[in-house]
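*Asks:* Pasting the sequence and the predicted coordinates here, then a few questions.
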Amino acid sequence: RELDDIFYKYGRISDIQIKRPDRPPAFAFVTFTHPRDADDAVYYRDGYDFDGGRIRVEMMKGRGGGRDGQYDVTKGSGKSQYRVIVSGLPKSASWQDLKDHFKKSCEVSRVDVDRMGKGCVEFRTEHDMEDGL
């Protein structure tokens, strides 16, 4: 539960596996639904103070996800033709922050942000998009 509390802000978590080897330290694998969320967790939580020490957060080596830094948030998911690109966001902005902002005035179907200050907000209908603007 504590790991979920530390990482939930960065996206949907699909799995958490805690490993306690015979010789400390313990470690865990936190798997996110989207690789960009894992990138954000590494960026913001590596070196985080936890339970009297600092945790090390890194991408899994070998098999597994992660992206090579070539991700373009402005392309969206491709599931909606109603999309707004937002720029000038603070680097600390999360997709939840942007979604909460838009939810005040409309229904949002998907939100994505990067660490370069760009975001993409997708809507189900043109009406929702117009209300959001």
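*Replies:* Nice, thanks for sending it over.
*Asks:* Double-check that residue 89 belongs to a strand.
*Replies:* No - residue state for residue 89 (DSSP: H, G, I helix; E, B strand; the rest coil) corresponds to coil; a strand is not indicated.
*Asks:* just checking, it touches residue 121?
*Replies:* No - proximity of residue 89 to residue 121 does not meet the contact threshold set by C-beta atoms under 8 Å, at 11.1 Å. Using the backbone N, CA and C atoms, a C-beta is placed for each residue, glycine as well.
*Asks:* Those two: who's more crowded?
*Replies:* The residue with more neighbours, out of residue 89 and residue 121 and counting by other C-beta atoms under 10 Å, is residue 121; that gives 27 against 18.
*Asks:* Identify the residue spatially nearest to the more buried one, adjacent ones excluded.
*Replies:* The spatially closest residue to residue 121, leaving aside those adjacent along the chain, is residue 84, at 4.8 Å (C-beta to C-beta, 6 or more residues apart in numbering).
*Asks:* distance of the one you found from residue 94?
*Replies:* Using C-beta to C-beta, to the nearest Å, we find residue 84 at a distance of 17 Å from residue 94.
*Asks:* How about residue 76?
*Replies:* Per C-beta to C-beta, residue 76 is found 17 Å from residue 94.
*Asks:* and if you look at residue 30?
*Replies:* Using C-beta to C-beta, we find residue 30 at a distance of 16 Å from residue 94.
*Asks:* Compare those two and say which is more crowded by neighbours.
*Replies:* With neighbours defined as other C-beta under 10 Å, residue 30 and residue 94 compare such that residue 30 has more, 22 against 18.
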